[in-house]
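Chemist: Output the structure for:
(chains A and B, ligands or ions: 2)
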Protein chains: 2
Amino acid sequence: MNSTDIQLDIEKVETSRIDQVDFSNLQFGKQYADHMMYCDYIDGEWQTPKIVPYGPMEFEPSAKVFHYGQAVFEGMKAFKDDDGQIWLFRPEQNFERINKSSKRMAIPEFPKEHFFASLQALLKLDQDWVKKGQGNSLYIRPFVIATENGVSASESDRYRFMIIGCPAQAYYNKPIKVIFAQDYSRAADGGVGFAKAAGNYGAQFYPTKLAKEKGLDQIIWTDASSHEYLEEAGTMNIFFRIGDKLLTAPTNDRILDGVTRKSIIQLAKDNDVEVIVDKVSVKYIVEAARKGELKEIFGAGTAATVVRVEGFEYDGEYFDLPAIDKPYGTFFKSSLQDIQYNRVEDPHGWTVKAF
Amino acid sequence: MNSTDIQLDIEKVETSRIDQVDFSNLQFGKQYADHMMYCDYIDGEWQTPKIVPYGPMEFEPSAKVFHYGQAVFEGMKAFKDDDGQIWLFRPEQNFERINKSSKRMAIPEFPKEHFFASLQALLKLDQDWVKKGQGNSLYIRPFVIATENGVSASESDRYRFMIIGCPAQAYYNKPIKVIFAQDYSRAADGGVGFAKAAGNYGAQFYPTKLAKEKGLDQIIWTDASSHEYLEEAGTMNIFFRIGDKLLTAPTNDRILDGVTRKSIIQLAKDNDVEVIVDKVSVKYIVEAARKGELKEIFGAGTAATVVRVEGFEYDGEYFDLPAIDKPYGTFFKSSLQDIQYNRVEDPHGWTVKAF
Ligand SMILES: Cc1ncc(COP(=O)(O)O)c(C=O)c1O
Ligand SMILES: Cc1ncc(COP(=O)(O)O)c(C=O)c1O
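Modeler: Numbering: from 1, shown residues only, chains lettered A, B, ... in the order given. Ligands and ions are numbered 1, 2, ... in the order given. Predicted structure coming up:
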């Protein structure tokens, strides 16, 4: 990353908590690196970013984030290569996306220099939290919350931008079963589905819980108006392989424009795999499954990288997707990881040295 | 309210802050009564509700409410009659609705006894914060937030239920101008629009800001699929008067089932005003406006009670709704307030003594 002249206030931990963490047995999102960044927006300006020991903070119960969900977040990862160098994967994408999300949520955009200077300083301080080895990473969670105290439903005049980090292993270690949504939906046309707005996620918990009670792991959301087109999963974009072609839904105002998705589309091009970015009709996928033409479904997202879908339920029927030889999913996952861990050339300049 | 045997832990303020508040000059939602209630859900159980001085609380930055908007709220009011008795208006409705909202957001329901015992105790302690006089009230904000620390997108295993109170005067003191939504939307079919889910509100701030920049105060949302039917405003249900008939949209999974709305429907029946609860087509309303048959539009909600809409914009055109003689809006507002302030008989048993 560009080194910058941005001033940061840094308060280091006295003793690291790292020895208390069992890195071979991590629960996703449950352990936090020693430091965190916060930066307040007050009187129309982002103040000096502060890096402090990770820990609790005080909020008034009337803070708008608690009442109106005016909050957005990002998810990105830092990887350590065999030489101990730390890399970020397409961090500009996350930076741009958090501001896109913020805009839709009436949150002021965050300055680029603040973002990258903080990230760099945090990763330098917490570099030991990024472990070498396949599947290991530091999951980085930038987020913004509305901190004005006031229970009236209008945008906040104060915000807090924060970055926290969680050491992570692979997110899903086994294939998942999904259900195609027929009743519930995730996002409306003209809504906030394309943004990583906090409320999009909480709204999925109940339908997902119902799916889990049926033995399914995730929902693949369909368009809210007709439920005829497959869009994305709760935290992943979705690819379908029909014969030798890959199919994925186009982004629109209901779908998150995923970094993993766009990277896979590029890798597919690089490897002469045809990718069709077009509406994915449920009917078409179900028929392809019946005819044996549906070879694979996989999800793509930062947390999971790539995860195989081993079957789906639709309209009360379960469709099995047996493992195949040389699946695209595995190929894209390892291609991505090779780049992320700096094991191969990076022709698109996706990886960025953390410091 | 029924007195109950629920145990509450109560810590009173040493000195009330009430003398610092200018009750003739209140900004909605900006001043807080001396006490607040909180009750934690831990290990599958709601713990003993605690009443403590209003003030900041500690949260970890990884608390799920900050990331996933897993939060719901309610809005209700306490009124003081001329004899100094405090009344709540249909509080059971709010209690039932917060649990309905919670259910959709995968939040455990809150026990009825906890809710009413806390409310009663709070109102007793903070009774001086409820001022006599038309338009004055204590706005009561129950809410629930996800407090588990963890940045993985699944429902929390800890929650905090809270109640805070804000002294309030009339919310809107003048008529408003609205715009009928044509691009943005508030809620999807199969989504969480019917719930008072935090994220529903934050998602409206940006489109509402755009409307305000055009000199309009609020948006009347239309169905997300076609934008052909008028549904509700950001914090109010909407009534249209065509000739002598009232028209309002039916509730569905996109619309909040408002207490004020249902009370007005009942009052209309009581007063032989015909109310048609049916889809409200934009086209029909625009035509009625052109023909001079659209006599009134008004919004109905706890915060605002009833507020007159003096004009609307649709498709770039502004339609003026001049004030009329004996508007329904004013009649329903004063009928409601007469009941709320215990000035008339309450045939439906809507008002409930606070303690
Ligand atoms: C709704 C949704 N879709 C897709 C994704 C995948 O996006 P990315 O690959 O940028 O992580 C995510 C996760 O970020 C998400 O939250
Ligand atoms: C979206 C929405 N619609 C309508 C209302 C009006 O409901 P009530 O009359 O119960 O306050 C509210 C406010 O509570 C609301 O938030």
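
Chemist: what helix or strand is A:Y38 on?
Modeler: A:Y38 belongs to strand A:35-42 when assigned by DSSP states H and E.

Chemist: wait, does that strand contact chain B?
Modeler: Yes: with CB under 8 Å from any CB of the partner chain as the measure, strand A:35-42 is seen reaching chain B through A:36, A:38. (Glycine included, C-beta is placed from N, CA and C.)

Chemist: And the closest residue to ligand 2 within the stretch 201-350 of chain A, how far from B:G69?
Modeler: Here the stretch 201-350 of chain A gets closest to ligand 2 at one residue, A:A203, 14.8 Å apart by CB to the nearest ligand atom. As judged by CB to CB, to the nearest Å, A:A203 and B:G69 stand 7 Å apart.

Chemist: Give me the common contacts of these two.
Modeler: B:197, B:199 (CB atoms under 8 Å, 6 or more residues apart in numbering or on different chains).

Chemist: Contact partners for A:F180?
Modeler: When contacts are counted by CB under 8 Å, 6+ apart, A:F180 touches A:219-220, A:222, A:230, A:282, A:285, A:312-314.

Chemist: What sits closest to it if chain neighbours are left out?
Modeler: What sits nearest to A:F180 in space, not counting adjacent residues and going by CB to CB, 6 or more residues apart in numbering or on different chains, is A:Y314, at 4.4 Å.

Chemist: burial measure for that neighbour, as a count.
Modeler: Using other CB atoms under 10 Å in any protein chain shown, A:Y314 has 20 other residues around it.

Chemist: quick one: it and A:K174, what's the gap?
Modeler: For A:Y314, the distance to A:K174 equals 21 Å [CB to CB].

Chemist: cool, A:S118 as well?
Modeler: Distance of A:S118 to A:K174, given as CB to CB: 35 Å.

Chemist: What of A:F23?
Modeler: From A:F23 to A:K174 the distance is 20 Å (CB to CB).

Chemist: doesn't A:I179 make contact with the residue nearest to A:F180?
Modeler: Yes: at 7.2 Å, A:Y314 and A:I179 qualify as touching, with contact defined as CB atoms under 8 Å.

Chemist: How about the stretch 51-200 of chain A: which residue is closest to chain B?
Modeler: Taking CB to the nearest CB, chain B has its nearest neighbour within the stretch 51-200 of chain A at A:G199, 1.5 Å off.

Chemist: helix or strand for that residue, which one?
Modeler: A:G199 belongs to helix A:198-213 when assigned by DSSP H and E.

Chemist: And the closest residue to ligand 2 within the stretch 101-250 of chain A, its phi and psi?
Modeler: Per CB to the nearest ligand atom, A:A153 is where the stretch 101-250 of chain A lies closest to ligand 2, at 7.2 Å. Dihedral pair for A:A153: phi -80, psi 80, per degrees, to the nearest 10.

Chemist: ok, it - contacts?
Modeler: A:67-68, B:201, B:204, B:234-235.

Chemist: Please report how far it lies from ligand 1.
Modeler: For A:A153, the distance to ligand 1 (CB to the nearest ligand atom, to the nearest Å) stands at 25 Å.

Chemist: And that residue, how far from A:Q27?
Modeler: Distance of A:A153 to A:Q27, computed by CB to CB: 36 Å.

Chemist: Please apply the same query to A:T208.
Modeler: In this view, A:T208 and A:Q27 are 18 Å apart by CB to CB.

Chemist: ok, back up a step: of A:F23 and A:K174, who's got more company?
Modeler: Between A:F23 and A:K174, counted using other CB under 10 Å, the more crowded position is A:F23 (14 against 9).

Chemist: Which residue ranges of the stretch 51-200 of chain A form helices?
Modeler: Using DSSP state H, counting those that start in this stretch, the helices assigned to the stretch 51-200 of chain A run over residues A:64-68, A:91-104, A:112-125, A:198-213.
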